[in-house]
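J.: Here's a sequence, model it:
(2 chains)
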Amino acid sequence: MLYEGRGITVSYGTRTVLDRVDFAARAGEVTAIVGPNGSGKTTLLRSLSGEAAHAGQVHINGQDAEAMSARERALHRAVLPQSGSIAFPFNVLELVRLGLVAGLASADPGEGDRIVLAAIARVGLKGCEARMVQELSGGERQRAQLARVLVQIWQPVLAGQPRWLMLDEPVSALDIRHQLTIMRLSQDYARAGGGVIAVMHDLNLTAMFADRVSLLYAGKLQRSGAPSEVFNDRDLSACYNCPVRVNTPPDNGGPWVLPQSMV
Amino acid sequence: MPSSATAAAPLAGDRRGRAAALRVLLLAVLGVMALLALGWGAAGDTRVLAALTARFGVGEASVRDMTIVWDIRMPRVLTAMLVGAGLAVSGAVMQGLFRNPLADPGLVGVSAGAGFGAVAAIVLGGFLPAAVLGWVGGYLVPFAAFLGGWASTLILYAIATRGGRTSVATMLLAGIALGALTGALTGFIVYRATDDQLRDLTFWGMGSVAGATWAKLLTAGPIIAVGLIAMPVLSRPLDALALGESVAAHLGIDTQAMKRIAILSVALSVGASVAITGGIGFVGIVVPHILRLVQGPEHRNLLPNCAVLGAIVLLAADMVSRTVVAPAELPIGIVTATMGGPFFLWILLKNRRILDI
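T.: Numbers count the residues shown, from 1 in each chain, chains lettered A, B, ... in the order given. Just a heads-up that it's a prediction; the model follows:
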């Protein structure tokens, strides 16, 4: 099963932000979207999720996403935006419960409560249920939002169809430990049969956790494939306009990206 | 831990039980207050209660008692309760829609438009053809106020909607422009008014439920109730909207349908309220704010509790307005503003840290 975009094009006035980008993510895998600032990563994710107006087609598990209602799309995919604010004094429990707001998870309220508590525990916020969201640290808030997103698509596979976790720079505000927690959680979601599509800044985390990578540059897809194929000195140095050296440590075989001096 | 009225094992941070318990308490208070407002206590318990039950064939009451309780006090009490409930719920809906705890039910332009309609009717009503005057009878002012409020909201909605999407920010800004324009037009008409008309205008602006009749209540009541009927449809979408419009859409909410229902139901509810009682401020801001502090912001519980507390507040304000300068009556808008103004300032000062960011 695939989450596919074909010929995705987005223009703001005369400026083309995305130019006929083809994208495909497979269920069971973590697919990363990487590229320098302004390359169109977030716009691509927003087009795929149905948020940004775009030309081209998006298919979720073979179905045309344009033909779906907001409710049907919400059944297939959940989205964690880059930054989120919340109006009014919600506490953590109430924020995470918003994942159930469209009534998609279960008709049984007891089942909903069970999922909400499990999601809170999953992101390591057990015991914080009664705390106000406004009073959380940046990292805690990001994890609480992730719990809300997880609640929406709690079962990675529903009625034989994979569900999709879409993350926009999910770990940028987090420390190393929580970066790993979130990336492992995403990987587990994929291993359980769901699909993960993540916009990533950190190339080394990407190399550690992504099964496939799409490298964007100036609104165009440069390369896509396994990190070991996409991450090479020439392509990364050109796209990021910064000399980098990709190393392969002998122990785990994954590529490792080291910026070089820009003199 | 909040006491839970429903759940077997209360979850940490779960405020649903507290909200349910609060609703029971508020309903009880409302019941007692309604009886007090009907004259229970003042006119002797037995006579008021007898008049209430005699209507349903239980016991007997004098014609005078029946008239006082059923024809004079009852429509007034019900009007105060319904208008209070409508204003408080409309306020909570507007605050949810604008994602701002200081949003007012009048933000959709309905108050400014209704004010213009009322002023125009009071000052220029005499120039209408006799046939029209005969048809609307004594209801010219409420009728014009409702039309003015509704027209103003529709204009704002049309301005703020492009390509099937309504921008609430545009609506807010266009509302300021349209408010200034209707304010100027209203000022122009007021400038042409006679002294008697000026007196009517002033009192209309202060609001009152003193003129409540069964006829007015039965006409405006169902329209005000639209805002209350929309509550279950709006509560979950408004919860999701706290995270912003795009996240609400990600969560599966049809945000455009929600905005349309919210704006139009508030315009109907507030428009009909303003039409029969004039301008009554602060209920729509203060009531939702108190309840959010006590029971949290989830609209499924917030909106119904706003309806009950709103009814209590306006009923209380009406009792104050009847007694504080008795036998004369203080316009109810003065009472709500006197209570609500300082409270609003308190909210501002308390939230200044958050608002400054």
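J.: Show me what the spatially most central residue of chain A is bridged to.
T.: Nearest to the centroid of the C-alpha atoms of chain A, with distances taken as Cα atoms, centre = their mean, sits A:Leu167, at 2.0 Å. Note on A:Leu167: beta-bridge partners by DSSP bridges are A:Leu80, A:Ala198.
J.: Report the contact partners of it.
T.: Contacts for A:Leu167 (Cβ atoms under 8 Å, 6 or more residues apart in numbering or on different chains) come out as A:Val79, A:Leu80, A:Leu146, A:Val149, A:Ser186, A:Val196, A:Ile197, A:Ala198, A:Val199. Quick note: C-beta positions are derived from backbone N, CA and C, even for glycine.
J.: what about the second one, how many neighbours?
T.: Residues within reach of A:Leu80, counting by other Cβ atoms under 10 Å in any protein chain shown, total 23.
J.: hmm, back to that, nearest to chain B among the contacts of A:Leu167?
T.: Distance to chain B, by Cβ to the nearest Cβ, is smallest for A:Val79 among those, at 4.3 Å.
J.: Distance of the closest one relative to B:Leu234?
T.: 23 Å (Cβ to Cβ, to the nearest Å).
J.: so is A:Ser224 in a helix, a strand, or just coil?
T.: Three-state assignment for A:Ser224 (DSSP: H, G, I helix; E, B strand; the rest coil): strand.
J.: beta partners of the spatially closest residue to it that is not a sequence neighbour?
T.: Nearest residue to A:Ser224, sequence neighbours excluded (Cβ to Cβ, 6 or more residues apart in numbering or on different chains): A:Ser214, at 4.3 Å. Beta-bridge pairing of A:Ser214 under DSSP bridges involves A:Ile33, A:Ser224.
J.: pretty sure A:Ser214 contacts A:Phe23?
T.: Yes: using Cβ atoms under 8 Å, A:Ser214 is in contact with A:Phe23, at 5.9 Å.
J.: joint contacts of those two?
T.: What both A:Ser214 and A:Phe23 touch, as defined by Cβ under 8 Å, 6+ apart, is the set A:Ile33, A:Leu44, A:Leu221, A:Ser224.
J.: Would you write a PyMOL line that selects the buried entries of those residues?
T.: To isolate the buried members of the shared contacts of A:Ser214 and A:Phe23 in PyMOL, using 16 or more other Cβ atoms under 10 Å in any protein chain shown:
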select buried, chain A and resi 33+44+221+224
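J.: Can you give me the pLDDT of whatever residue of the stretch 151-263 of chain A ends up closest to chain B?
T.: Nearest residue of the stretch 151-263 of chain A to chain B: A:Gln152, at 6.5 Å (Cβ to the nearest Cβ). If you check A:Gln152, the pLDDT there is 95.
J.: before we move on, what about B:Tyr157?
T.: Value listed for B:Tyr157 in the pLDDT field: 89.
J.: Mind telling me what element it is part of?
T.: Using DSSP states H and E, B:Tyr157 sits in helix B:140-160.
J.: Packing partners of that helix?
T.: helix B:110-124, helix B:168-191, helix B:214-229, helix B:255-277 (3 or more Cβ pairs under 8 Å, 6 or more residues apart in numbering or on different chains; DSSP states H and E).
J.: relative orientation of whatever helix or strand B:Val286 lives in and helix B:255-277 in degrees?
T.: Secondary structure from DSSP H and E places B:Val286 in helix B:283-295. Counting by axes from the mean of the first three to the mean of the last three Cα atoms, to 10 degrees, helix B:283-295 points 120 degrees away from the direction of helix B:255-277.
J.: What is helix B:283-295 packed up against?
T.: helix B:16-37, helix B:74-98, helix B:299-323, helix B:332-350.
J.: what does that helix rub up against?
T.: Contacts of helix B:283-295 (Cβ under 8 Å, 6+ apart): A:88-89, B:15, B:18-19, B:22, B:84, B:87-88, B:90-92, B:94-95, B:101-106, B:270, B:301-302, B:305-306, B:309-310, B:313-314, B:336, B:339-340, B:343-344, B:347.
J.: So what does B:Thr194 have for phi and psi?
T.: Per-residue torsions, B:Thr194: phi -80, psi 170 (degrees, to the nearest 10).
J.: Make a markdown table out of the contacts of A:Leu167 and add distance to B:Val190 and pLDDT.
T.: Supplementary listing: the contacts of A:Leu167 in a markdown table, determined by distance: Cβ to Cβ, whole Å; pLDDT from 0 to 100:
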| residue | distance to B:Val190 | pLDDT |
| --- | --- | --- |
| A:Val79 | 52 | 97 |
| A:Leu80 | 54 | 97 |
| A:Leu146 | 57 | 96 |
| A:Val149 | 54 | 97 |
| A:Ser186 | 64 | 97 |
| A:Val196 | 64 | 98 |
| A:Ile197 | 61 | 98 |
| A:Ala198 | 61 | 98 |
| A:Val199 | 58 | 98 |
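J.: Which one of those sits in the busiest neighbourhood?
T.: Counting by other Cβ under 10 Å, top hit in the contacts of A:Leu167: A:Val196 with 29 neighbours.
J.: Pull the contacting residues for that one.
T.: A:Ala25, A:Glu29, A:Val30, A:Thr31, A:Trp164, A:Leu165, A:Met166, A:Leu167, A:Ser186, A:Gln187, A:Tyr189, A:Ala190.
J.: Sort out for me which of those residues are in strands.
T.: A:Ala25, A:Val30, A:Thr31, A:Trp164, A:Leu165, A:Met166, A:Leu167 (DSSP state E).
J.: Spell out, range by range, the helices that occur in the stretch 1-150 of chain A.
T.: For the stretch 1-150 of chain A, the helices defined by DSSP state H, counting those that start in this stretch cover A:41-49, A:70-76, A:92-97, A:109-122, A:138-152.
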